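**Q** Let me see the structure of the following:
(chains A and B)
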Amino acid sequence: MGKIEIPLGPQHPALEEPESFNLLLQGERVAAATVALGYNHRGMEKACESRTYIQNIYLLERICGICSHSHSTCYVQTVEQIAGVRVPERALYIRTLIGELERIHSHLLWLGIAGHEIGFMTLFMCSWKDREVVMDILEMLTGNRVNYGMNTIGGVRRDITPEQAEEVLKALDVLEERTKYYTKVATEEVTIISRLSGVGKLSNEDGLRLGAVGPVLRASGVARDVRKDDPYAAYANLDFKVATDEHADVFGRTVVRVLELMESYKICRQVLKEMPDGSISVKVPGKVPAGEAMSRYEAPRGEDLHYVKANGTDMPERVKVRAPTLANLAAITHMIEGGYLADVPIVIAAIDPCFSCTDRMVKVTDLKTGGEKKFDWDGLRRYSIDFYAKRGVDFRNTSIGKEER
Amino acid sequence: MGLALFYILIFPGFLFLGFLSLAFEFIDRKLYARLQNRVGPPWYQPLADLIKLAAKETVVPREAESRLFRAIPSFAMAATAAAFLYIPIWGKTSLFPFDSDLIVILYFLTIPTLTFFLAGWFSSSLYAEIGCIRAMTQFFAYEVPLYMSLLGPAMLAGTWSVSGITEFYSSNPALALCNLPGLIVAVFATQGKLERVPFDIPDAETEIVGGTFTEYSGRFLALFRMTIDAELVVASALIAAVFLPFFIPASPVFGFILFLIKVFIVVFLLALMRTALARLRIDQMVGFCWRILAPLSLLQVLIDLLVRGVLVS
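**A** Here you go, the predicted structure:
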């Protein structure tokens, strides 16, 4: 049987975001796969350089539509490190609580997506319905469903009242009950098991060699979790286990995520019980002293990494974000190759990808010649000015076109 | 002649089948939604969808074989509508019963699957080609168990006519209980024929976009959708006629209501199946059909042979 090459993406029903996978098929088997990044570059790192530290919290919170609190916390931690700020204990506990609630909503969302990828819409509908419970809680605590705006440099912006804590505890009971049911469904339903187990194998060594992070690596039996290894916020004072699994396939990744959900409920209860009294933020001057720092955060998808370089003004000189999906992308081709075409969507979905958070460049392919080209900042600027000049909008004589960088 | 034309075109033929298909598509979708904790569509949604699709622009790909691409959906619809004429609706006999019409019905029901294959093939699109090859692979897996599961009851009844089979079992209802394994096989195989979860492999949207129908749009796609709805009704009616021939009253009105109830039961089973299961992979599907359904249908044939032996002697 001859080999055919089919594109999966950049626009494809299996992907929520644009990303291109080229699959070389031999019958139903995938002989080779290539990943092409760069369909959703938004230039956020660059944009950070022309905004103040406070404005950047809100910009970086919008890197990801799901782990928004992860990115803002990671950034805020980095800046606090440079400025040498001591954040009040209560604020750290509140950050932890929001972070864990976010993990709950992200994992419930993933469970639904996994169901969708293997054509099990019922799981999708049910888990997304239950996800609304945690979304409502987040809305009650922060005022928003997704971009919470909770963090500020030096603490958090909203306190949690005892009545709110009561509501959260009630919701956690409901969610725990439902999660137990999903554990049963995911580990006992025949068609789910036959679609998930043995699919997208990633051995212990391969996982480490390819630099996988988060639930993907933990499902290969490596207990690596920033919350445990390099505790931030209030995690050093909390008692929880790092969920791991030995299956090393998509089934294992499902088990790890469901176990993590159960751990998150435990963490949330502890946080609410042990939260100390006191202020929720300290005042930090707008200008941050020169210096650089790096911070890690265990986002729902894995280790998130932020680097900030300060130059003494109220704007950072450089902000670098390494989203967890980038770390997991290298493992994807390894997991797809040799498998079935039918399993490709679920294997990709099993890293819980967030491609928009990952893209840091644009690759331009000339359709006529097929040549590929990369732009740097000035090149892109020149190109756009020429592009508009050809179409009759001339920026060359305005301040935008003249400004030299 | 005039009456026959009325039968074929209006009731219980083409037009009536169309209404019934839309009604059962609504029931299927509503059940599916309610089982998933959703509200579900209003009753007119299938009709609204059909009108909307039919009114949309129809795009024929430049690469595709234009004439066949346009003609294929009509063949699918015509074959399904023709099959419906030989199934008893309000009584024990169909409109135009003849000896061995069971074979003809199965034959007609095979044509839509073949047209799906041809539609995918002549679309000249990668996704459609993979989809149509999958449709064909799947076809060879479920078709044999389906035929054999219907063969058993026919052998026991001693006739190849659906009307004859219904008549036989309604006068000996106890014997219909022998056909339970066949009923299970037939329901699973029908799900495969209709390409619904867990056997919706030929048009698995997360893998191969629209599958066989990737390039279809507008009224041609509407016709295909209609065909699948009609197939749902025809296949359910066939299962009801062969496996559930109970309590058929003399009055045509009650007979018709009973027919609807039986079709509803089969549709309910099919909706339940697609709610509770995840999509299988093509190799798992073929394995399931040959390892489980085929032996089960052989068992059905064996049971019917033994019972017939006892009855005759």
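**Q** Need the nearest residue in space to the closest residue to chain A within the stretch 201-313 of chain B, chain neighbours excluded.
**A** The nearest approach of the stretch 201-313 of chain B to chain A comes at residue B:279, 2.8 Å away (C-beta to the nearest C-beta). All C-beta spots, glycine's among them, are computed from the backbone N, C-alpha and C. Excluding its sequence neighbours, the residue lying closest to residue B:279 (C-beta to C-beta, 6 or more residues apart in numbering or on different chains) is residue A:119, at 2.8 Å.
**Q** Kindly report the residues of the stretch 1-150 of chain A close to chain B.
**A** Within the stretch 1-150 of chain A, the residues that sit near chain B (C-beta under 8 Å from any C-beta of the partner chain) are A:4, A:6-7, A:12-14, A:25, A:28, A:115-123, A:125-126, A:129.
**Q** Does residue A:204 touch residue A:222 like I think?
**A** Yes. Between residue A:204 and residue A:222 a contact is recorded at 6.3 Å, counting by C-beta atoms under 8 Å.
**Q** Give the helix, strand or coil label for the closest residue to chain B within chain A.
**A** As assessed by C-beta to the nearest C-beta, chain B sits closest to residue A:119 within chain A, at 2.8 Å. Secondary structure state of residue A:119, per DSSP: H, G, I helix; E, B strand; the rest coil, is coil.
**Q** Count the residues that sit near it.
**A** Burial measure for residue A:119: 27 neighbouring residues, criterion other C-beta atoms under 10 Å in any protein chain shown.
**Q** Distance of it relative to residue B:204?
**A** 6 Å (C-beta to C-beta, to the nearest Å).
**Q** And for residue A:291?
**A** Between residue A:291 and residue B:204 the computed distance is 53 Å (C-beta to C-beta).
**Q** coming back round to it: the residue of the stretch 201-313 of chain B closest to chain A: what's it in contact with?
**A** By C-beta atoms under 8 Å, 6 or more residues apart in numbering or on different chains, residue B:279 lies in contact with A:118-120, A:191, A:195, B:197-201, B:204.
**Q** from those, which ones fall inside helices?
**A** Per DSSP state H, helices hold the following members of the contacts of residue B:279: A:191, A:195.
**Q** Make sure residue A:392 is indeed in a helix.
**A** No. Secondary structure of residue A:392 (three-state DSSP): coil, not part of a helix.
**Q** Just give me the neighbour total for it.
**A** By the criterion of other C-beta under 10 Å, residue A:392 has 6 neighbours.
**Q** hmm, back to that, please tell me how far the residue of chain A closest to chain B sits from residue B:207.
**A** Counting by C-beta to C-beta, the gap between residue A:119 and residue B:207 amounts to 9 Å.
**Q** next one: residue A:59
**A** For residue A:59, the distance to residue B:207 - C-beta to C-beta - is 36 Å.
**Q** Next to chain B, which bits of the stretch 301-405 of chain A? Give me the list.
**A** A:340-345.
**Q** Now residue A:298: phi and psi?
**A** Taking degrees, to the nearest 10, you get phi -90, psi 90 for the backbone angles of residue A:298.
**Q** Residue ranges in chain B under the pLDDT threshold?
**A** In the predicted model, chain B carries pLDDT under 70 at residues B:1, B:92.
**Q** tell me the contacts of the spatially most central residue of it?
**A** Closest residue to the average C-alpha location of chain B: residue B:235 at 3.2 Å, with C-alpha atoms, centre = their mean. Contact partners of residue B:235, counting by C-beta under 8 Å, 6+ apart, are B:109, B:190, B:193-194.
**Q** Out of those residues, which is nearest to residue B:244?
**A** For these, the residue nearest residue B:244 by C-beta to C-beta is residue B:190; the value is 13.5 Å.
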